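Enquirer: Have a look at this fold, sequence not included:
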Ligand code: GLU
């Protein structure tokens, strides 16, 4: 199937809606000043076909989408031992909630809420230079150098009061091995990864290929079983408190971030990345979700 006309149609349908609704994340200045009037979409199929439309080549802050990649690294390194520290249930609470963490003795519900991702960052830090390892993984998967936006990382650190609270809370329960400051330094940097839709579609392509490397001819990124689990977690926990609605209306494993990006997987077919900075009330990209809904409607591709 030639997907280029499908992406062009989606871009043409959604572009007139840019700026009409939603709010750009404003908790740090570097995100608040991103113009809302962007829409990009890109995909990479299992056999290496690529298509993109709109602002697919404009870099943006991938924010929580990074949780998917740090989890991949941690699953690869630690195997099932990782799950001693982190659960696999949807939280039903805001992504940065402290209450649930207290009730559950410092064990985060899942790796895609902030507490869970901070716990993953701690595990990676115990294994070595986590920031270097994250950049190496992202650059290897995308096939070109990927960098942190240091201004975003510094702002995350300057305003991340809740993340400090979550990390200190887990530390007090003995659920974090490293000091809070270096652990959060990893977390703030991963949130500050800057990538384009096309780079993201490539980097996450292993999720539609049973863990095989996106660019082929290189060692697998993770096993088939780990890939199934990553997709399951994306479907159940990947889009904040909207995961049920997203499964209902789109039916694809997705991971979103407050920078307005969403990665979606059609197992055995393709990986998509969409970006539009204006968010809905659940913190997901408004037009990003619409684009995925349109894609599924136009192609009939869904896991259900
Ligand atoms: N970097 C932000 C935080 O940790 C938001 C991440 C996101 O949900 O995309 O609070």
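Expert: Received it, and whenever you're ready, just let me know what you need. For clarity, every value in this text was computed on a predicted model and none was experimentally measured.

Enquirer: Where does residue 44 sit: helix, strand or coil?
Expert: Put simply, residue 44 is strand when judged by DSSP: H, G, I helix; E, B strand; the rest coil.

Enquirer: got it, and residue 283?
Expert: At residue 283 the chain is in coil, as set by three-state DSSP.

Enquirer: how many other residues sit next to it?
Expert: 20 (other Cβ atoms under 10 Å). In short, each C-beta sits where N, CA and C put it, glycine included.

Enquirer: Could you measure from the residue nearest to it when sequence neighbours are not counted over to residue 117?
Expert: Counting by Cβ to Cβ, 6 or more residues apart in numbering, residue 240 is the residue found nearest to residue 283 once chain neighbours are left out, at 4.8 Å. From residue 240 across to residue 117, the span is 13 Å (Cβ to Cβ, to the nearest Å).

Enquirer: more neighbours, these two?
Expert: residue 117 (28 against 23).

Enquirer: So which residues make contact with the one helix or strand that one maps to?
Expert: Secondary structure assignment for residue 117, by DSSP states H and E: helix 114-127. With contact meaning Cβ atoms under 8 Å, 6 or more residues apart in numbering, helix 114-127 is reached by 64, 66-67, 70-71, 73-74, 77-78, 82, 85-87, 95-96, 101, 108-111, 130, 133-134, 162-163, 166-167, 169-170, 175-178, 182-184, 186-187, 190.

Enquirer: Alongside the ligand, which residues does the stretch 151-300 of the chain contribute?
Expert: With Cβ under 6 Å from any ligand atom as the criterion, the stretch 151-300 of the chain meets the ligand at residues 156, 163, 191, 257, 258.

Enquirer: could I get these as JSON lines with pLDDT, secondary structure and neighbour count?
Expert: Formatted as JSON lines, these follow (pLDDT from 0 to 100; DSSP: H, G, I helix; E, B strand; the rest coil; neighbours: other Cβ atoms under 10 Å):
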{"residue": "156", "pLDDT": "96", "secondary structure": "helix", "neighbour count": "25"}
{"residue": "163", "pLDDT": "96", "secondary structure": "helix", "neighbour count": "22"}
{"residue": "191", "pLDDT": "98", "secondary structure": "helix", "neighbour count": "28"}
{"residue": "257", "pLDDT": "98", "secondary structure": "coil", "neighbour count": "28"}
{"residue": "258", "pLDDT": "97", "secondary structure": "coil", "neighbour count": "24"}
